[in-house]
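Q: sequence-free structure coming up:
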């Protein structure tokens, strides 16, 4: 019975857990993920105008050297990056 259970567990594909918080987003960046948002959006403004806290910390993680990688013209651009 043990071997059957073990085989079943090993056969199930593993999925990455979704990012549910800004702290997890910060960790994902350190793991190699690119942080991006829609250019000139309320999200960009929230990160950009933060002077302290997690929003300010995440703002520093956006790619400011190559802004086209972090500040996208439309949400569809982000979907394309993921694919």
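A: Good, I have the coordinates. Note that the structure is a prediction, hence the values are computed from the model and not measured.

Q: so for the closest residue to residue 62 other than its chain neighbours, what's the pLDDT?
A: Distances taken as C-beta to C-beta, 6 or more residues apart in numbering put residue 70 closest to residue 62, at 4.1 Å, once the chain neighbours are dropped. C-beta: built from backbone N, CA, C; applies to glycine. With respect to pLDDT, residue 70 has a value of 92.

Q: low pLDDT regions in the protein?
A: Along the chain, segments meeting pLDDT under 70 span 1-4, 6, 8-9, 12-14.

Q: could you pull out the strands for it?
A: Counting by DSSP state E, the segments of the chain that form strands are 37-38, 71-72.

Q: now, of those, which is deepest in the fold?
A: Highest mean neighbour count among the strands of the chain (mean count of other C-beta atoms under 10 Å): strand 71-72, with a mean of 20.
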